[in-house]
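K.L.:
Sequence below, structure please.
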Amino acid sequence: MNSQAQSIAGIMVRELTTLKKEIEAYPSDADLWRVPPGISNSAGTLALHLAGNLSHFVGAILGGGGYLRQRDGEFSARDVSRVELVRLVDETIAAVERTFRNIGPAELA
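P.N.:
Numbers count the residues shown, from 1 in each chain. Predicted structure coming up:
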């Protein structure tokens, strides 16, 4: 892995790991899906959207993986458990690591 790819992957993995900790910190699964006044989306929705976006672009487009995005589902799903959200983030981390481990300078540019 070249140093630029390693840096990008490192930042993404760091932030996705932080996202996992934030998901796990919610007192209950239901709290992930509450939308406070003045906020457009719940934390659960944002986590699904972020995992879907990165799995699609980094994993499938850049990395050539087989992920099929269901963007509408990212915004319509409710009551996905913290365990399931963490599993999705773990899959996204794996896709990021796999992609940037195998990406060449030309693709990165």
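
K.L.:
which other helices and strands contact the longest helix along the chain?
P.N.:
With secondary structure taken from DSSP state H, the chain has its longest helix at helix 3-25. Helices and strands touching helix 3-25, as assessed by 3 or more C-beta pairs under 8 Å, 6 or more residues apart in numbering; DSSP states H and E, comprise helix 43-54, helix 82-102, helix 105-108. No exception for glycine: its C-beta is placed from N, CA and C like everyone else's.

K.L.:
Just send those back as CSV, with distance to residue 9 and mean neighbour count too.
P.N.:
Shown next, in CSV, are these (distance: least, C-beta to C-beta, whole Å; neighbours: other C-beta atoms under 10 Å):
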stretch, distance to residue 9, mean neighbour count
helix 43-54, 11, 20
helix 82-102, 4, 18
helix 105-108, 11, 10
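
K.L.:
In this protein, where is pLDDT below threshold?
P.N.:
1 (pLDDT under 70).

K.L.:
isn't residue 12 right next to residue 96, touching?
P.N.:
Yes: look at residue 12 against residue 96 with C-beta atoms under 8 Å: they come within range, at 4.8 Å.

K.L.:
Return every residue with contacts to both of these two.
P.N.:
54, 58 (C-beta atoms under 8 Å, 6 or more residues apart in numbering).

K.L.:
Provide the secondary structure category for the spatially closest residue to residue 49 that is not a sequence neighbour.
P.N.:
Of all residues not flanking residue 49 in the chain, residue 74 sits nearest, at 4.5 Å (C-beta to C-beta, 6 or more residues apart in numbering). Of the three states, residue 74 takes helix according to DSSP: H, G, I helix; E, B strand; the rest coil.

K.L.:
Same check on the one 5 residues further on?
P.N.:
Secondary structure of residue 79, reduced to three states by three-state DSSP: coil.

K.L.:
now residue 40
P.N.:
When classified by three-state DSSP, residue 40 comes out as coil.

K.L.:
Give me the distance between the residue nearest to residue 55 when sequence neighbours are not counted and residue 79.
P.N.:
Spatial nearest neighbour of residue 55, chain neighbours left out: residue 67 (4.6 Å); criterion: C-beta to C-beta, 6+ apart. For residue 67, the distance to residue 79 equals 23 Å [C-beta to C-beta, to the nearest Å].
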